[in-house]
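1. pasting the sequence and the predicted model now:
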Protein chains: 2
Amino acid sequence: MRRLLYDLAADDETVRFSPYCWRTKLALAHKNLDYETVPWRFTDKEVIAFSGQDKVPVLVDGDQVITDSQMIAEYLDETYTNEPPLYGDEPARALTNFVRSWTDRVLHPVLVQILVPDIFARLAERDKQYFRATREARLRCTIEELAERRPGAIAAFQTALAPLLATLGTQLFVSGEAPGYADHIVFGALQWARLMSSTPLFDAGSPLGQWMQAVLETYGLQ
Amino acid sequence: MRRLLYDLAADDETVRFSPYCWRTKLALAHKNLDYETVPWRFTDKEVIAFSGQDKVPVLVDGDQVITDSQMIAEYLDETYTNEPPLYGDEPARALTNFVRSWTDRVLHPVLVQILVPDIFARLAERDKQYFRATREARLRCTIEELAERRPGAIAAFQTALAPLLATLGTQLFVSGEAPGYADHIVFGALQWARLMSSTPLFDAGSPLGQWMQAVLETYGLQ
């Protein structure tokens, strides 16, 4: 059975930077599922029109088409019950939702402020106008204004990390002794930062860098 | 067997406001354990000298003396294994540590900025000098300066709530369908806010107020 993941790419199609696609790629690895990726750009709307919406990740699993990283995670856990669970018991699933809310509402917004100018510079030409228009409307400022505010945005990112760093100070993974979907969610955000920031936001040898490496090594990805 | 909890009190000894003591009181209720409380003030150091340290909560459980809310939670889960677990499986325990880190590193610091002047006003006279000296040193400003910054501190509190409100928007409790220790931790912070703030920080009918009421009702506490 062929399994395809539509995966957001930069101008260099080997650079796959979407935090949500990373959630799905780690979830697939956690479930020991092989897949191929299709590099996809923001403006390739017609390419995924078959999914009934216009965002990635889109997973095609045999005759199933699943969109939205959260829906994909739930689909994988319900479909591949003989593989390791992404969550754990019911409280772990609920607590993972808190980590997801923190990532979506705190970590992503501070990273957007840093990364949007860097992402813009590395997009395929055909994506640039779309990206500028949508992000400037959403953020209510120009990409150039964002770039000027970079030092403050980096300080806000460092402050926002406090609960994550405290957690990783006392345990190997957010989900405990092995990575779970909570780790995949947070990893996605920091992988987005690591791949796209024009200046390093944390060192490979830092607690964050070491935890990311341990996540990848768990799945034989690096 | 007698079970005693040393519980921080205001000048009015019926006002028990410590967020850490609230964690322990809810954990005891979750475990269906009866206990009596001993009202304790910040300067009653000699009263708990038998515990080998000078902070509450202190739990005396028969011939066991346990200090620190986190140590007490672990003691209760290990000792009363026939009662409902405070966490769930290993991932749930680890994920609860993330909620605790967020509460300790994000929610408590913003609440301290609001509450310290209000707490000061309601302490027993013998506690006031100690509280002023320790808090002013820790916060590097006077209680009066903190009071002047109250509007900004309230705005920061409301911003900080985002991941909690998003989580409670899709599930009944932080731990899912029933409260767990993650709920007790967050409840402690907001009960501290509710009991001590000189102005209401959220309404009883708001999602936060309703969730707090549901936690209390789960344990027959209100």
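-> Structure received.
2. now stretch A:68-86, how far from the centre of its chain.
-> Distance, stretch centre to chain centre, for stretch A:68-86: 17 Å (Cα atoms, centre = their mean, to the nearest Å).
3. again, but for stretch A:15-30
-> Using Cα atoms, centre = their mean, the offset of stretch A:15-30 from its chain centre is 6 Å.
4. so which bits of it are buried?
-> By neighbour count on 16 or more other Cβ atoms under 10 Å in any protein chain shown, the buried set for stretch A:15-30 is A:16-30. Placement of C-beta: from N, CA and C, glycine included.
5. what's the pLDDT at the residue nearest to A:Gln70 when sequence neighbours are not counted?
-> Leaving aside its sequence neighbours, A:Gln70 sits nearest to A:Arg100 (Cβ to Cβ, 6 or more residues apart in numbering or on different chains; 7.5 Å). In this model, A:Arg100 is scored at 98, pLDDT.
6. give the contact list for A:Arg100.
-> Applying Cβ atoms under 8 Å, 6 or more residues apart in numbering or on different chains to A:Arg100 gives the contacts A:70, A:182, A:185.
7. of these, just the buried ones, ChimeraX syntax please.
-> What follows is the ChimeraX syntax for the buried subset of the contacts of A:Arg100, where burial is set by 16+ other Cβ under 10 Å:
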select /A:70,182,185
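8. adding pLDDT and secondary structure, write the contacts of A:Arg100 out as JSON lines.
-> JSON lines is the format used below for the contacts of A:Arg100 (pLDDT from 0 to 100; DSSP: H, G, I helix; E, B strand; the rest coil):
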{"residue": "A:Gln70", "pLDDT": "98", "secondary structure": "helix"}
{"residue": "A:Ala182", "pLDDT": "98", "secondary structure": "helix"}
{"residue": "A:Ile185", "pLDDT": "98", "secondary structure": "helix"}
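9. quick check, nearest of the contacts of A:Arg100 to chain B?
-> Closest approach between the contacts of A:Arg100 and chain B, by Cβ to the nearest Cβ: A:Ala182, at 5.9 Å.
10. isn't the closest one right up against A:Leu168?
-> No - using Cβ atoms under 8 Å, A:Ala182 is not in contact with A:Leu168, being 11.8 Å away.
11. what do the two both touch?
-> Common neighbours of A:Ala182 and A:Leu168 (Cβ under 8 Å, 6+ apart) are A:Val174.
12. domains of chain A?
-> A:3-79, A:90-218 (automatic domain parsing).
13. where do the helices of chain A begin and end?
-> A:19-30, A:69-79, A:90-102, A:108-122, A:125-139, A:143-148, A:150-160, A:162-168, A:181-196, A:207-218 (DSSP state H).
14. give me the helices and strands touching the longest one, please.
-> In other words, helix A:181-196. helix A:19-30, helix A:90-102, helix A:108-122, helix A:207-218, helix B:90-102 (3 or more Cβ pairs under 8 Å, 6 or more residues apart in numbering or on different chains; DSSP states H and E).
15. now tabulate the helices of chain A in TSV and tack on distance to B:Ala49.
-> TSV is the format used below for the helices of chain A (distance: least, Cβ to Cβ, whole Å):
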stretch	distance to B:Ala49
helix A:19-30	50
helix A:69-79	51
helix A:90-102	37
helix A:108-122	45
helix A:125-139	56
helix A:143-148	56
helix A:150-160	38
helix A:162-168	30
helix A:181-196	41
helix A:207-218	37
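16. one step back: now flag whichever of the buried residues of stretch A:15-30 is closest to chain B.
-> Closest to chain B, out of all of those and judged by Cβ to the nearest Cβ, is A:His30, at 12.4 Å.
17. show the pLDDT at the residue most central in space within chain A.
-> Per Cα atoms, centre = their mean, the C-alpha nearest to the average position across chain A is that of A:Pro19, at 1.6 Å. pLDDT recorded at A:Pro19 is 98.
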